[in-house]
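Visitor: Quick one, what's the 3D model for this:
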Amino acid sequence: MSELIDNRRHRLVALKQLIRELHDGAPPEALKGRFRAVLDHVGASEISALESELMAEGMPQDEIKRMCDLHVAVFRDTLEQRPPAEAQPGHPVHTFRAENAEILRLVEAYQALVNELPVVGDESPTPEQVRRWRELQARLELLDGHYKRKEFLLFPFLEKAGITAPPKVMWGVDDDVREKLAAAREAAAAAAGARGEDLRLIRQVVLEPMLTAVAAMVEKEERVLFPMALEHLADTEWGEVQQQWSDFGPGLATPGEGWTPAIPATPAHVAELSAADTVRLPSGHFTLSQLAAVLNTLPLDATFVDAEDRVTFFTEGSDRIFARNRAIIGRRVQDCHPPSSMHIVQRILDEMRTGRREVAEFWLEMGPRFVHIRYFAVRDADKAYLGCLEVTQDVAGIRRLEGQRRLLAEG
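Guide: Got it, this is the predicted structure:
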């Protein structure tokens, strides 16, 4: 197999054969022996191309996601020989890696706590153990912001570079981790009343799988995602990532200082109008600054997706329900949603495009919020499809209204 070493195309063919055999149940260690000559030359770019080609050839995304831990196990020896993705303090990759170091520290501390919990008899955790359990759980849940920065800041630029399969697979795994975190949150909330046998099951079924999944994602990011991103993102794109870093709340590490990003170029569509220019509509007119302020004052979130399924606009009100960031402009809306809901989005768009549907609506409870989500087909005067408008609103206060109010309230 040595003739394959210097031929990337042949390496990919061999790697696809390896992965197919792995999915058919072949033991990883045996495959690593047979494909050693190829594996010794695998890098993040080959893994990216491998997943993309497998999906293009019909392997379901869920199947790749289900087996991704085994993929890493096969490639681990080679990937561990590669130098880690290094970046200056202040660079997003440096901050991502600092967060990963904190995540692994939390996993270690959480595992130490798990090992202390009673697993027999009627013994319950001590008040001190309950306190530590809940503190560690709350701290670990900050990794949701870490994941969102990947999904909404890194992934759009990888997609623009033609790397589509790995982000989809990784987002699906992120959501699996989120589900495990939610189960662990419920266990932590009920920790004070749990007894030995219950704690044993919680440890085996909830906590240890969660900690294993969190640590495994760190490895995937460190060995595959960050090297791949450093290879494909330009300095101006990293600058945009840095500019929007704080849009996703507090992180597990504070960005350092030292790296100066390149200034992103102003998009042509933004430079066309100044704040004082007038936007004339059939029923009136605004200056551009007035129009932006009016749209951002609406008590709802609105996002417009054009006829090509690309996000072209969203409002930026002060109390958003779902995260949006400017990196999604121009992105396929299907790629802005978790893989688990992508088929629903596609169905809505397909039915609106063909005229079978004009409105789709959903509602859900999010803590004190009652969130109403509506999708409207947007058509011109001749009924040609122009795109889809998504409107999201917290209607909890509206649902509580009773009677009538005819006088101005104070405050």
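Visitor: Now do Ala262 against Gly239, distance only.
Guide: When distance is defined by Cβ to Cβ, to the nearest Å, Ala262 is 5 Å away from Gly239. Quick note: C-beta positions are derived from backbone N, CA and C, even for glycine.
Visitor: Let me fix that, I meant to ask about Glu135.
Guide: Distance from Glu135 to Gly239, by Cβ to Cβ: 35 Å.
Visitor: Next: Ala56.
Guide: Separation of Ala56 from Gly239 (Cβ to Cβ): 32 Å.
Visitor: So for Ala262 and Gly239, which sits in the more crowded spot?
Guide: Gly239 (19 against 12; other Cβ atoms under 10 Å).
Visitor: How about residues contacting the helix or strand hosting that one?
Guide: Using DSSP states H and E, Gly239 falls within helix 235-243. Residues outside helix 235-243 that contact it (Cβ atoms under 8 Å, 6 or more residues apart in numbering): 90-93, 149, 153-154, 157, 233, 255, 261-265, 326-327.
Visitor: switch to 10 Å and redo it
Guide: Here helix 235-243 makes contact (Cβ atoms under 10 Å, 6 or more residues apart in numbering) with 87, 90-93, 95-96, 149, 152-154, 156-158, 160-161, 229-230, 233-234, 255, 259-265, 325-327.
Visitor: Report the backbone C-alpha coordinates of it in PDB.
Guide: The C-alpha trace of helix 235-243 is given here as PDB (Å, rounded to 0.1, in the frame of the first residue of the first chain):
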ATOM      1  CA  ASP A 235      -7.300  36.800   8.800                       C
ATOM      2  CA  THR A 236     -10.200  39.100   8.000                       C
ATOM      3  CA  GLU A 237     -12.600  36.200   8.700                       C
ATOM      4  CA  TRP A 238     -10.900  35.500  12.000                       C
ATOM      5  CA  GLY A 239     -11.400  39.300  12.700                       C
ATOM      6  CA  GLU A 240     -15.100  38.900  12.100                       C
ATOM      7  CA  VAL A 241     -15.200  35.900  14.500                       C
ATOM      8  CA  GLN A 242     -13.400  38.000  17.200                       C
ATOM      9  CA  GLN A 243     -15.800  41.000  16.700                       C
END
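Visitor: Pull the distance from it to the chain's centre.
Guide: Distance of helix 235-243 from its chain centroid, counting by Cα atoms, centre = their mean, to the nearest Å, is 18 Å.
Visitor: quick one: Val294 and His285 touch, right?
Guide: No. Between Val294 and His285 there is no contact, the gap being 11.9 Å when judged by Cβ atoms under 10 Å.
Visitor: So which of the contacts of helix 235-243 belong to helices?
Guide: 92-93, 95-96, 149, 156-158, 160, 229-230 (DSSP state H).
Visitor: Report the buried members of these.
Guide: 92-93, 95-96, 149, 156-158, 229-230 (16 or more other Cβ atoms under 10 Å).
Visitor: Just name the closest of those to Glu316, please.
Guide: Glu316 has its nearest neighbour among those in Pro156, at 17.1 Å by Cβ to Cβ.
Visitor: Can you give me the separation between the nearest residue to that closest one once chain neighbours are set aside and Asn100?
Guide: Nearest residue to Pro156 in three dimensions, chain neighbours excluded: Ala327, at 4.5 Å (Cβ to Cβ, 6 or more residues apart in numbering). To Asn100, Ala327 is 21 Å away according to Cβ to Cβ.
Visitor: Can you spell out the domain ranges of this protein, please?
Guide: 2-81, 92-248, 298-399 (automatic domain parsing).
Visitor: right, and His232 touches Lys160 too?
Guide: Yes. Here His232 reaches Lys160: they are 8.8 Å apart, a contact under Cβ under 10 Å.
Visitor: Which SSE is immediately downstream of the lowest-mean-pLDDT helix or strand in the chain?
Guide: Counting by mean pLDDT, DSSP states H and E, the chain has its least confident helix or strand at helix 268-271, which shows a mean of 48. Counting by DSSP H and E, the next helix or strand C-terminal to helix 268-271 is strand 278-281.
Visitor: in the stretch 251-400 of the chain, which ranges drop under the pLDDT threshold?
Guide: Scanning the stretch 251-400 of the chain with the threshold set as pLDDT under 70 gives 264-275.
Visitor: give the contact list for Arg332.
Guide: 156, 159, 164, 305, 308-311, 342, 345.
Visitor: and those, which of them are in helices?
Guide: Reading helices off the contacts of Arg332 with DSSP H, I get 156, 159, 342, 345.
Visitor: By neighbours, which of those residues wins?
Guide: For those, neighbours tallied by other Cβ under 10 Å; top is Pro156, 25 neighbours.
Visitor: Let me know the pLDDT of it.
Guide: The predicted local confidence for Pro156 comes out at a pLDDT of 91.
Visitor: shouldn't it be in contact with Arg324?
Guide: No. Contact criterion Cβ under 10 Å: Pro156 and Arg324 do not qualify, at 11.9 Å.
Visitor: Spit out the residues that contact the two alike.
Guide: With Cβ under 10 Å, 6+ apart as the test, Pro156 and Arg324 both reach 311, 336.
Visitor: So what's the gap between the helix or strand hosting Glu197 and the chain middle?
Guide: Using DSSP H and E, the element containing Glu197 is helix 196-201. Put simply, helix 196-201 sits 33 Å off its chain's centre (Cα atoms, centre = their mean).
Visitor: Give me the residues contacting that helix.
Guide: Counting by Cβ under 10 Å, 6+ apart, residues outside helix 196-201 touching it are 114, 117-125, 187, 190-191, 194, 207.
Visitor: Run a quick neighbour tally on Leu136.
Guide: 20.
Visitor: Mind pulling up the pLDDT for it?
Guide: 97.
Visitor: List the residues that contact it.
Guide: Contacts for Leu136 (Cβ under 10 Å, 6+ apart) come out as 106-107, 109-114, 184, 188.
Visitor: I'd like to know how many residues surround Leu154.
Guide: 26.
Visitor: Sorry, slip of the keys, the one I care about is Leu117.
Guide: Around Leu117 sit 20 other residues, with neighbours defined as other Cβ under 10 Å.
Visitor: Tell me who's in contact with the residue lying closest to Phe304 once chain neighbours are set aside.
Guide: What sits nearest to Phe304 in space, not counting adjacent residues and going by Cβ to Cβ, 6+ apart, is Phe313, at 4.5 Å. Residues near Phe313 by Cβ under 10 Å, 6+ apart: 295, 302-306, 329, 387, 389.
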